[in-house]
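> Take a look and give me a structure for this.
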Amino acid sequence: MQSLITFAAFLLTLSIVVCFHEFGHFLAARLCGVKVLRFSLGFGKPIFTFKSKYSSTEWVLAPIPLGGYVKLLDGRDPQQTIAASEQSQAFDTKPLWRRSLIVFAGPLANFVLAICLLTIIYVAGVIQLPARLQAPPPDSVAASLGIAQGDQVLAWHPQTDKEFESVISWNALRWNLMDAFSSQEGFALKMQDPSGRQFTSAFLASQLPAMSSSEDPFSRLGILPELPPASEYFTLKLDPLSGLIYASKRVWLISKVSLSLMGGLLTGESSLKQLGGPLSIANMAGKTAQVGWQAYCAFLAILSISIGLLNLVPLPMLDGGQLLYDAWELVSGKRISTSLQEQFQKVGFILLISISLLALFNDLQRYFSP
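Model prediction:
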């Protein structure tokens, strides 16, 4: 039963994220006057096909649920023969800004999905842990600053901004701290001890631990949540507008942290062991689905952000690679030749397969290591 739930949650998760991503491309293409030949959810030989008589788009469901694609009418595709009456609907005939918009719309749809999911969670109401701290480890930075058990974090501000921002829960503080870890930027916390006395603690950039797969940076810093009795948990429930604003800020912060971690993989500051593949996604999807719809939606939002950011990486075969071609065209005034683009595609394919295999290898190590 456990395996069945995990598998079903995995399929549902990928289907939702991929469908929204590809629908972003589809909608932008239609709005820009480009004909969409096929919308495929999944790869491989189609198991279900439906052709719209209004737009002539072929809607396909394929058996391999590890992605999808939107096939556009494109004169640069050697496999397509375009009638003279349809030339104006071809992707390659559109202005650069429209082509770039169609490409960017996929990742943008992922960010919009994440904002919508988090907004729903905050409007429905979600149980939160207070930002009250446990006793810090004796050798931690927090202990050296005099922070003690029961101290409550009221507000925070990064080193570059001296205006304090209210901290409403441990979850909010946790993401702010992760932002500080990933960017190695100092910050200050406005605290209140159990007696009601308020004070400020400043953490310098040089005191911050780096994000690591082998060590918990929160423990090294000494900022850890105190687990109160169930009666002291509270519900965060916002009106729709406030929920939308709060969700948008949270998506921006998560994107910023994720982008820093992805950049760390290239510079060597983050370990390649942190890469996760389909087994990790399936495992988390199954666990969160069993916890409840809010936990599952939160995981889905974070995964959607990750997919959006991944697709913006400037590698061939990804949306970011096409946007890089567009940037070259904007600067040079001419397009990259089809033959050169095909060579880049081959290199990009090899890189993506290598990354995917590494992520799968990490998954297998996590599951089978003692």
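
> Need the residues that contact stretch 87-94.
29, 32-35, 72-76, 82, 99, 102 (CB atoms under 8 Å, 6 or more residues apart in numbering). Glycine gets a C-beta too; all of them are placed from N, C-alpha and C.

> chain center to that stretch, what's the gap?
Averaging C-alpha positions (CA atoms, centre = their mean, to the nearest Å) puts stretch 87-94 32 Å from its chain's average.

> for stretch 143-151, same thing?
33 Å.

> Quick check: PyMOL command selecting the buried ones in the contacts of stretch 87-94.
PyMOL command restricting these to the buried ones, with burial defined by 16 or more other CB atoms under 10 Å:
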select buried, resi 29+32+34+35+72+73+74+82+99+102
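
> Mind putting the contacts of stretch 87-94 into CSV with pLDDT, distance to residue 145 and secondary structure?
Output for these, formatted as CSV (pLDDT from 0 to 100; distance: CB to CB, whole Å; DSSP: H, G, I helix; E, B strand; the rest coil):
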residue, pLDDT, distance to residue 145, secondary structure
29, 94, 55, helix
32, 94, 55, coil
33, 91, 60, coil
34, 93, 58, coil
35, 91, 62, coil
72, 91, 57, strand
73, 91, 62, coil
74, 89, 60, coil
75, 82, 64, coil
76, 83, 60, coil
82, 84, 68, coil
99, 94, 53, helix
102, 95, 51, helix
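
> Closest one of the contacts of stretch 87-94 to residue 260?
residue 102 (28.3 Å; CB to CB).

> wait, isn't the closest one in contact with residue 34?
Yes - at 6.6 Å, residue 102 and residue 34 qualify as touching, with contact defined as CB atoms under 8 Å.

> For the two, list the residues in contact with both.
Common neighbours of residue 102 and residue 34 (CB under 8 Å, 6+ apart) are 72, 91, 94.

> doesn't residue 37 fall inside a helix?
No - counting by DSSP: H, G, I helix; E, B strand; the rest coil, residue 37 is not found in a helix; it is strand.

> How about it: what's its closest non-neighbour residue?
Leaving out its chain neighbours, the residue that sits closest to residue 37 by CB to CB, 6 or more residues apart in numbering is residue 71, at 4.6 Å.

> neighbours around that neighbour, how many?
Residue 71 has 18 neighbouring residues, counting by other CB atoms under 10 Å.

> on that earlier part again, Throw the shared contacts of residue 102 and residue 34 into a markdown table and include distance to residue 194, thanks.
Listed next are these as a markdown table, based on distance: CB to CB, whole Å:
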| residue | distance to residue 194 |
| --- | --- |
| 72 | 62 |
| 91 | 63 |
| 94 | 64 |
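
> returning to that earlier point: what kind of secondary structure is the residue nearest to residue 37 in?
Quick answer, by three-state DSSP: residue 71 is strand.

> again, but for residue 189
Applying three-state DSSP: residue 189 is strand.

> May I have the distance across stretch 48-62, first residue to last?
7 Å (CA to CA, to the nearest Å).

> in it, what counts as buried?
57, 58, 59, 60, 61, 62.

> for the closest residue to the first one other than its chain neighbours, which residues make a bridge with it?
Looking back up the chat, that one is residue 57. Closest residue in space to residue 57, ignoring its immediate chain neighbours: residue 36 at 4.7 Å, by CB to CB, 6+ apart. For residue 36, the beta-bridge partners are residue 72 (DSSP bridges).

> so residue 36 makes contact with residue 28?
No - counting by CB under 8 Å, residue 28 is not a contact partner of residue 36; they are 10.2 Å apart.

> what residue ranges in this protein score low on pLDDT?
Flagging of the chain using pLDDT under 70 yields the residue ranges 1-7, 211-215, 264-291, 348-370.

> domains in this structure, as residue ranges please.
The chain breaks down by automatic domain parsing into domains covering 107-123+239-370, 126-236.
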